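**Q** With the input below, show me the fold.
(chains A and B)
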Amino acid sequence: MKVDDALIKRVAANARLNLSGNEIREFIPQFKEIIDYFSKLDEVDTKNTKPSFQPVEVKNALREDKPKPSLTQEEALKNAQNKKDGYFKGPRAV
Amino acid sequence: MKIKEFVNEVKKGDVSVEENTEKILKEAEKVNSEYKYFNIISKELALKQARELDKKIKLSKAKGRLLGVPISVKDCICVKDVESRAGSKILEGYLPVFNATAVQKAIDEGAIIIGKTAQDEFGFGSFSANVGLGFNRPLNPFDKTRACGGSSGGAAGWTQKAKNIQISLGQSTGGSIACPASFCGVAGLTPTYGLVSRYGLIDYANSLDKIGSIAKTVEDAELMLDIISGHDSKDSTSLKEQMQKPSVKKIAIIKDGFNDIDENVKKTVLKKLDCVEYDEISLPLTNKYCIATYYLLATSEASTNLAKYCGMRYGAYDKLEGSFNEYFSRVRSENFGKEAKKRIILGTFARMSGFRDAYYLKAASVRTKIIEEYKKIFKKYDVIISPTMPILPPKFEEIEKLTPLQNYMMDILTAGPNLAGLPHLSINAGFAKELPVGMMLIADHLKEKNLIELGKRLE
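**A** Presented below is the predicted three-dimensional model:
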């Protein structure tokens, strides 16, 4: 796997992170080492194995479709600094 | 004094909860100034809870298994109205409007919440050395140049150091209860995945996170687990099943866990096991592949979980300038620490189109094989044992020299049981070079009582 400046910038942009030149230079050899190590998993035959997304079997946990008390609007907004008229206020979308 | 005795005295009115709380708050402040175990000491809340309890006790209306018992809570577990940051600058100022279920259950039993303990940012570390921007690293109670272990480092260090009785709530994703318990010489109990509700836990990796207890004795850790376990409709992965009755007949040691580790650790653990009869077993697949599997899955899940921190609804924020991409990127880049950035990028990479099948799905499939490997062993054995950590508590200067991969390899013994969601208990096995050595007992799902029975016998 080729880990270079371009790959790291592409992934970081997907993750909404701006990295400095120093950070990128530091991360390249580290990620190369880690991703090469991850590739070890290719040695394991998983052709007939289903992936596990939980360590124990979890059945669908559904509740009745009835409203229950939950956070009030005031509580939901309590920790936001940018807000207006009972709504979260975000940056411009376009 | 044992916690049960303390609770009885409180119930009878022989001990003033307020006075006891004042005493431990003072101790916490003093220890904290030197060892940095707390991100915040919630003095006002603790004293308010204490005064209310004292009033109830006078009216003989107080009951509970933790009556007046001080509890410290890992920073990533939400406590209502107490700044809860998971050790990260990006959650600066966040005051939860609810208690995590585990915290609420402890409060319902009369617990007093004294503060939030230090940790690696979002749990991203094995030494509590990767604390968030502006946070202090907790220092090992036996040697301040060494680490407490991570990521529940503050909880374990404080539990060792506290002279007053108390229990800590910790949390483990890949070993974050066992590791610091080992390095600080206390008991750390990580339950079966899903046994304790994750509601109100600031998540790292949902399919791996477990809330558990850290205490001076196995008995105290058990008491806390009995209280916080149980089904919770607020957590869709919460189990309906309960812990099973203990039965410890056949024990084995995990051979692989004794290879390529510090000789001092090996000798200390084997000596502690002199009084036990055991077989030897091997977990070749787990031993070889658990680190790659764990870090692929944990970083993948972490990268999605951390997407919600963007300066909008809680925590760090900025002036609303620029487009949403620019704003989110700016807030995230300025407030996440370096290890958090690395793990977000690794996880985003593993889930990206073109890479997802080769990395994320492959790891999830290997996870199935690892779970099967353990399950086969538990058909024959009730408890299996290995050292908790392959090394003695390291110095900070030694940690700084490790590459990230070398750092990740430190989880070689704890990643397996965490991937498989198995309960595990780290207890002190003795000391080497005046530093504590931990021993880890692992059991099948819902068999934490096996660990507790054997742990009590061995401690």
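**Q** Alongside chain A, which residues does the stretch 101-250 of chain B contribute?
**A** Applying CB under 8 Å from any CB of the partner chain, we find that the stretch 101-250 of chain B lies next to chain A at B:192-194, B:207-208, B:233, B:236-239. For every residue, glycine as well, the C-beta is placed using N, CA and C.
**Q** Could you pull out the strands in chain A for me?
**A** A:83-84, A:87-88 (DSSP state E).
**Q** Mind giving me the packing neighbours of the first one?
**A** Under the contact criterion of 3 or more CB pairs under 8 Å, 6 or more residues apart in numbering or on different chains; DSSP states H and E, the helices and strands touching strand A:83-84 comprise an empty set.
**Q** leaving aside the residues next to it on the chain, what's closest to B:F349?
**A** A:V11 (4.9 Å; CB to CB, 6 or more residues apart in numbering or on different chains).
**Q** Point me to the residue of the stretch 101-250 of chain B nearest chain A.
**A** In the stretch 101-250 of chain B, the residue that lies nearest chain A is B:S236 (4.1 Å; CB to the nearest CB).
**Q** Which helix runs longest in the chain?
**A** Using chain A here. helix A:21-38 (DSSP state H).
**Q** Let me rephrase: I mean chain B.
**A** helix B:284-305.
**Q** so where do the strands sit in chain B?
**A** Applying DSSP E to chain B gives strands spanning B:38-41, B:70-74, B:112-117, B:139-140, B:143-147, B:167-172, B:187-190, B:210-215, B:251-254, B:279-281, B:383-387, B:424-432, B:435-442.
**Q** average pLDDT across the third one?
**A** Read it as strand B:112-117. Averaging pLDDT along strand B:112-117 gives 98.
**Q** State the distance from B:I57 to B:Y37.
**A** Distance, B:I57 to B:Y37, using CB to CB, to the nearest Å: 29 Å.
**Q** Which of these two has more residues huddled nearby?
**A** B:Y37 (31 against 21; other CB atoms under 10 Å in any protein chain shown).
**Q** Report the contact partners of the more buried one.
**A** For B:Y37, the contact set (CB atoms under 8 Å, 6 or more residues apart in numbering or on different chains) comprises B:28, B:31, B:72, B:117-118, B:138, B:153-155, B:157-158, B:161.
**Q** Which of the residues you listed has the largest number of neighbours?
**A** B:A155 (38 neighbours).
**Q** Run through the bridge partners of the residue lying closest to it once chain neighbours are set aside.
**A** In this structure, B:A155 finds its nearest non-sequential neighbour in B:S168, 3.8 Å apart by CB to CB, 6+ apart. Beta bridges link B:S168 to B:S72, B:I214, judged by DSSP bridges.
**Q** burial measure for the residue nearest to B:F349, as a count.
**A** Quick note: A:V11 (other CB under 10 Å) scores 25 neighbours.
**Q** Report the closest residue of chain B relative to chain A.
**A** For chain B, CB to the nearest CB, closest residue to chain A: B:G421, 2.7 Å.
**Q** Check what pLDDT the closest residue to that residue other than its chain neighbours gets.
**A** Closest residue to B:G421 apart from its sequence neighbours, by CB to CB, 6+ apart: A:P55 at 2.7 Å. We have a pLDDT of 95 for A:P55.
**Q** Can you give me every residue that contacts the residue of the stretch 101-250 of chain B closest to chain A?
**A** A:58, A:61.
**Q** ok, now which ones touch B:V269?
**A** Per CB under 8 Å, 6+ apart, neighbours of B:V269: B:258, B:385-387, B:429, B:437, B:439.
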